[in-house]
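Q: sequence unknown, structure follows:
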């Protein structure tokens with residue numbers, strides 16, 4: 001399908017954050033990534049991609065600023081950057097990658113890696129890791145820009161995250177990495193206690209067993225296991241999802257478990273009955289999870305902890321289990 005581009009003027013600025021501007025173009029909600037398009041101001045003549053809104057997509061149903069014709073022309077690449085993000089596309093851009101700076105270790109030394117299949121699992125997992133030095137590694141499978149995540153901003157503000165790494169096609173992290181293996185190695189070399197790895201907001205999905213972005217959790221777990229880390233899987237489990245394939249343990253999680261090649265700890269809340277097929281699991285005492293998560297942006301498919309407690313509790317369990325592996 002071709003790009004759906006429209007030209008218009010910026011009619012309002014709603015929010016400015018590092019890496020993200022929320023604005024309106026001709027009255028329609030739009031997001032802009034200044035590192036790609038340059039700064040954005042009222043009245044700017046811009047080109048926006050309207051396809052997601054026209055398709056009425058869920059979490060991505062807004063316009064995206066594609067080019068700023070007023071102040072986004074003639075921008076220069078960052079110093080020493082030559083590896084391309086999104087190469088051979090109209091939005092290719094150079095970024096300095098961690099692999100270019102120094103040799104990375106070949107082992108993680110047992111460092112725990114929480115492997116999430118959804119971005120909404122990140123906040124409860126990090127809540128269980130309070131007081132530790134935690135790096136967030138974002139991998140493809142959902143939104144690619146780290147700056148889009150309000151969750152990451154909230155966790156940084158609460159000192160529940162110390163750094164962000166964007167892997168592969170993802171961009172906007174404080175550190176850029178070509179592969180998830182390199183991202184994990186960098187975190188181990190830099191002395192982080194734990195890594196939480198997830199896709200960005202939203203998820204690529206097809207209602208099929210293997211056609212979804214959640215399989216990124218298996219890829220992260222396999223990389224962590226191969227590098228002698230301690231991968232911990234955050235199970236996607238729901239008490240509030242009306243879709244049969246996601247009620248209880250999601251078919252996404254079952255696919256992730258089946259694709260894990262090495263030893264992976266599967267965290268499970270001890271107060272929830274587990275399905276019979278999930279025998280290789282570790283029961284975790286999650287008492288106090290609601291209090292630990294208080295004030296964090298907890299939302300999954302429009303549901304919060306009151307509507308879908310199992311979802312958030314199981315992600316918290318993964319973070320708590322990862323604490324036990326910290327050396």
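A: Here it is on my side, so go on. What you are looking at is a predicted structure, and each value in this text was computed from that prediction instead of being measured.

Q: hey, let's count contacts and neighbours off CA atoms from now on
A: Noted.

Q: Doesn't residue 187 belong to a helix?
A: Yes: using DSSP: H, G, I helix; E, B strand; the rest coil, the assignment for residue 187 is a helix.

Q: tell me the contacts of the residue nearest to it when sequence neighbours are not counted?
A: Once flanking residues are discounted, residue 187 sits nearest to residue 135: 6.9 Å by Cα to Cα, 6 or more residues apart in numbering. Residue 135 makes contact with 161, 162, 163, 164, 165, 187, 192, 194, 195, 196 under the criterion Cα atoms under 8 Å, 6 or more residues apart in numbering.

Q: so residue 168 makes contact with residue 178?
A: Yes: counting by Cα atoms under 8 Å, residue 168 does reach residue 178; the two are 4.8 Å apart.

Q: residue boundaries of the strands in the stretch 101-250 of the chain?
A: Using DSSP state E, counting those that start in this stretch, the strands found in the stretch 101-250 of the chain span residues 112-115, 134-139, 163-167, 175-177, 194-199, 230-234, 237-238, 248-249.

Q: Name the stretch among the ones you listed that sits most buried.
A: Among the strands of the stretch 101-250 of the chain, the stretch with the highest mean neighbour count (mean count of other Cα atoms under 10 Å) is strand 112-115, at a mean of 33.

Q: which one's the longest strand in this structure?
A: As assigned by DSSP state E, the longest strand anywhere in the chain is strand 5-17.

Q: rewinding a little: what sits opposite the residue nearest to residue 187 in the beta ladder?
A: residue 163, residue 195 (DSSP bridges).

Q: Please report how far it lies from residue 127.
A: 13 Å (Cα to Cα, to the nearest Å).

Q: Domains in the protein, by residue range?
A: 5-68, 99-324 (automatic domain parsing).

Q: Now do the last one: distance from first to last residue.
A: Here the two ends of domain 99-324 are set 30 Å apart, with distance taken as Cα to Cα.

Q: what does the first one give?
A: Start-to-end span of domain 5-68 (Cα to Cα) is 13 Å.

Q: So what's the model's average confidence on it?
A: Averaging pLDDT along domain 5-68 gives 94.

Q: so how far is stretch 268-287 from its chain's centroid?
A: 24 Å (Cα atoms, centre = their mean, to the nearest Å).

Q: for the record, mean pLDDT for that stretch?
A: What stretch 268-287 shows for mean pLDDT is 89.

Q: Only the buried residues of it, if you could.
A: By 16 or more other Cα atoms under 10 Å, the buried positions in stretch 268-287 come out as 268, 269, 274, 282, 283, 284, 286.

Q: got a list of contacts for it?
A: The contact list for stretch 268-287 (Cα under 8 Å, 6+ apart) reads 235, 249, 265-267, 310, 313-314, 316-318, 320-321.

Q: Could you give the number of residues near residue 90?
A: 8 (other Cα atoms under 10 Å).

Q: ah, wrong one, I meant residue 149
A: 18.

Q: and if you look at the one 4 residues further on?
A: Counted with other Cα under 10 Å, the neighbours of residue 153 add up to 16.

Q: if we can go back for a sec, of the contacts of stretch 268-287, just say which sits nearest to residue 216.
A: Closest to residue 216 out of these is residue 235 (13.0 Å), distances taken as Cα to Cα.

Q: wait, that closest one sits on residue 253?
A: Yes: under the contact definition of Cα under 8 Å, residue 235 touches residue 253, with a separation of 6.0 Å.

Q: The two - which one has more neighbours?
A: residue 235 (32 against 23).

Q: Look up how far residue 149 lies from residue 103.
A: 30 Å.

Q: pLDDT-wise, which helix or strand of this protein ranks last?
A: strand 248-249 (a mean of 66; mean pLDDT, DSSP states H and E).

Q: Quick check: next helix or strand after it?
A: Using DSSP states H and E, the helix or strand that follows strand 248-249 in sequence is helix 251-259.

Q: That following helix vs strand 230-234, what angle?
A: 160 degrees (axes from the mean of the first three to the mean of the last three Cα atoms, to 10 degrees).

Q: List of residues touching stretch 138-156?
A: Contacts for stretch 138-156 (Cα under 8 Å, 6+ apart): 17-20, 33, 122-123, 126, 161-162, 164-173, 180, 197-204, 212-214, 216, 296-297.

Q: Go ahead and list the helix or strand containing the residue nearest to residue 305 when sequence neighbours are not counted.
A: Leaving aside its chain neighbours, residue 305 sits nearest to residue 312 (6.5 Å; criterion: Cα to Cα, 6+ apart). Assigned by DSSP H and E, residue 312 falls within helix 309-324.

Q: Same check on residue 276?
A: Counting by DSSP H and E, residue 276 is part of no helix or strand.

Q: rewinding a little: okay, the domains of the chain, which one's buried deepest?
A: A comparison of these by mean neighbour count, using mean count of other Cα under 10 Å, puts domain 99-324 on top with a mean of 21.

Q: starting at the chain centroid, how far to that one?
A: Distance, stretch centre to chain centre, for domain 99-324: 8 Å (Cα atoms, centre = their mean).
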